[in-house]
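> Need coordinates for the below:
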Amino acid sequence: MASSTVTSAQPERPPRPNLAFRRLRGKRSPAEFAAAVRRAAREIGERVSCDARYVGRVEAGEIRCPNYAYERVFLHMFPGRTLTDLGFAPRSSVRGRQARTPGESRGAGEPYETHDTQDVRDTQDLQGLQDLYETHDNNEESDVLRRAFMTSGATVAAASLGPLGLALDAAAAGRPTRRAGTGEAGALEEAVRRIRLLDDRHGADGLYRRAAAPLRTAYALLDAGASRQATADRLYTGAGELAISVGWLAHDSGRFDDARSHYAEALATARMNGDAGLEAHAFCNMAFLARDAGRPREAVRAAQAAQRAARPLGSDRLMSLLALREAGGWAGLADRVGCEQALARAQAFYGRGPSDTDPEWMSFYGEAELEGLEAQCWSTLGDWPRAARHARRAADLQDPHFTRNLALYSAELADDLARGGRPDEAAGAGMRVLDLLGEVQSSRIHTMLAGTARVLLPHRRSPAVSTFLDRHTALARPA
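The predicted structure follows:
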């Protein structure tokens, strides 16, 4: 990476504040309004990672037109209004492909906008990102995006960070790379959100290799430098978060060595930039990986390091999750007392509620995830009835929109019931997992289900168990 990422550049055109949107927020704080946006999204089956920072960027005019997911949510919140009524620019004015004169503003990759002047080639390159994220305004959007992301190979790997591809191509050709601006930083942040969304819905197996190329491009941008220090900080954070997301895809698909490498890269990026939030996130995932890889003492130490990094950040929900990571390590060491103490801390922190300081990436962490992680601790300790109670509660609490987690909690429940001597109930839970596997590709869930099937083999005379085993065998058999 370059030793200096900030270079001189022409001043950027200041955006025009969105006063209409600010009036709609009323007396609510940005964090309160962001929470209302997320609630409205859930009401219509959407998922957006809205936080106070996003609201601030909309009101500042940096986001000239929202992507289609946000558009649906905003129009649901304010029925009868159009995007123009909400203070946004018409979509056609943001997404045009024609060349513009230097005095005109230019649309960039939505939802983030860049205000510096670039040539028409850059405008066309940015369109690739828009097309990946925003082309499908219908109820089949998630399926279309999933197919595009998972089947288009190298084309998608390049398009998923459209403006970043230019930097990588130039570097490969030995040409000077264009310095990064706010458009590239925004594209990187949106790519991280899209990967998380696809993983939540469909699992990691089909995503990992497609996501690795944009990660290389992101780090090429760091070498190229940025026009401003604030942009450089966003690029470092975005590259680190993308490394963690790609690492998680490797982790969840059973590629532990790859995951370890990506997490270490994110940790190095965090420390070079003095980013405590990114450091805590990297250590959090390293603790989870160490637990899954059979290194429980390392899991404890990584979780404790994450807590040290996170403590000044002031997020109780983050501290709760990190305490659960530590509990998982203690469970792997068969230290019931240490596990129970960490679980108690996790519950106490969680009970303090959300705050404006909660990281955006923690949108997955709610009561269902807390229950699911506690179930895993009791399962590791061999307390199957207690594990099953928490796993059942996790599955009951999980929003069915997040298919992967619903399948994961149900698989945990099936395994706990099977090992706890309740084969018929285990078979029923296993059948629910099988029903979801058409939408989810996760080696973790397949491995868990295979273990459950082995435990249930002695009970195959039961009709329910026999049906589950037959269907599982048919699923596992090569076509």
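> how many other residues sit next to Ser245?
Ser245 has 26 neighbours, counted by other C-beta atoms under 10 Å. Placement of C-beta: from N, CA and C, glycine included.
> same thing with Leu75?
The number of residues packed near Leu75 is 18, by other C-beta under 10 Å.
> tell me which strands and helices the helix or strand containing it is in contact with?
Element membership for Leu75, per DSSP states H and E: helix 68-77. If you count contacts as 3 or more C-beta pairs under 8 Å, 6 or more residues apart in numbering; DSSP states H and E, helix 68-77 packs onto helix 30-43.
> go again using 10 Å as the cut-off
Applying 3 or more C-beta pairs under 10 Å, 6 or more residues apart in numbering; DSSP states H and E, one finds that helix 68-77 contacts helix 19-25, helix 30-43, helix 52-59, helix 120-134, helix 141-151, helix 182-202.
> now the angle from it to helix 30-43?
Angle between the axes of helix 68-77 and helix 30-43 is 90 degrees (criterion: axes from the mean of the first three to the mean of the last three C-alpha atoms, to 10 degrees).
> In the stretch 351-479 of the chain, where is pLDDT below threshold?
476-479 (pLDDT under 70).
> quick check: mean pLDDT across the helix holding Leu75?
Taken as a whole, helix 68-77 has a mean pLDDT of 88.
> Any regions of the protein where pLDDT drops low?
Low-confidence regions of the chain, defined here as pLDDT under 70, cover residues 1-14, 91-178, 180, 196-212, 476-479.
> Mind doing that once more with 50?
Scanning the chain with the threshold set as pLDDT under 50 gives 1-12, 95-176, 202-205, 478-479.
> CA-only coordinates of the helix of greatest length in it in PDB, if you can.
Ranked by residue count, the top helix of the chain under DSSP state H comes out as helix 229-252. In PDB, the C-alpha atoms belonging to helix 229-252 read as follows (Å, rounded to 0.1, in the frame of the first residue of the first chain):
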ATOM      1  CA  GLN A 229      -8.100  12.700   3.700                       C
ATOM      2  CA  ALA A 230     -11.700  12.000   4.500                       C
ATOM      3  CA  THR A 231     -12.000  10.000   1.300                       C
ATOM      4  CA  ALA A 232      -8.800   8.100   2.100                       C
ATOM      5  CA  ASP A 233     -10.300   7.200   5.500                       C
ATOM      6  CA  ARG A 234     -13.500   6.000   3.900                       C
ATOM      7  CA  LEU A 235     -11.400   3.900   1.400                       C
ATOM      8  CA  TYR A 236      -9.400   2.300   4.200                       C
ATOM      9  CA  THR A 237     -12.500   1.500   6.200                       C
ATOM     10  CA  GLY A 238     -14.400   0.300   3.100                       C
ATOM     11  CA  ALA A 239     -11.500  -2.000   2.000                       C
ATOM     12  CA  GLY A 240     -11.200  -3.400   5.500                       C
ATOM     13  CA  GLU A 241     -14.900  -4.100   5.700                       C
ATOM     14  CA  LEU A 242     -14.900  -5.700   2.300                       C
ATOM     15  CA  ALA A 243     -12.000  -7.900   3.400                       C
ATOM     16  CA  ILE A 244     -14.000  -9.000   6.400                       C
ATOM     17  CA  SER A 245     -17.100  -9.700   4.200                       C
ATOM     18  CA  VAL A 246     -15.000 -11.700   1.800                       C
ATOM     19  CA  GLY A 247     -13.400 -13.500   4.700                       C
ATOM     20  CA  TRP A 248     -16.800 -14.300   6.100                       C
ATOM     21  CA  LEU A 249     -17.900 -15.800   2.700                       C
ATOM     22  CA  ALA A 250     -14.700 -18.000   2.800                       C
ATOM     23  CA  HIS A 251     -15.400 -18.900   6.500                       C
ATOM     24  CA  ASP A 252     -19.000 -19.800   5.900                       C
END
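> Which elements pack onto the next helix or strand after that helix?
Going down the chain from helix 229-252, the next helix or strand is helix 256-273, by DSSP H and E. Packed against helix 256-273 by the contact rule (3+ C-beta pairs under 10 Å, 6+ apart) you find helix 208-224, helix 229-252, helix 276-292, helix 296-310.
> Find the nearest non-adjacent residue to Asp424, please.
For Asp424, ignoring the flanking residues on the chain, the nearest one in space by C-beta to C-beta, 6 or more residues apart in numbering is Ala464 at 4.6 Å.
> show me the contacts for that neighbour.
Residues in contact with Ala464, defined by C-beta atoms under 10 Å, 6 or more residues apart in numbering, are Pro423, Asp424, Glu425, Ala426, Ala427, Gly428, Gly430, Met431, Leu456.
> Compare the residues you listed and tell me which is most surrounded.
Going by other C-beta under 10 Å, Gly430 tops the contacts of Ala464 with 30 neighbours.
> And it, how close does it get to Pro463?
Here Gly430 is placed at a distance of 14 Å from Pro463 (C-beta to C-beta, to the nearest Å).
> for Leu408, same thing?
27 Å.
> who has more neighbours, those two?
Taking neighbours as other C-beta under 10 Å, Leu408 and Pro463 compare with Leu408 leading, 27 against 10.
> what's the angle from the helix or strand that one falls within to helix 229-252?
Secondary structure from DSSP H and E places Leu408 in helix 403-419. Helix 403-419 runs at 30 degrees relative to helix 229-252, counting by the same axes, to 10 degrees.
> Can you name the next helix or strand after helix 403-419?
Scanning forward in sequence from helix 403-419 by DSSP H and E, the next helix or strand is helix 423-436.
> could you say what helices and strands that following helix packs with?
helix 384-397, helix 403-419, helix 443-456, helix 463-476.
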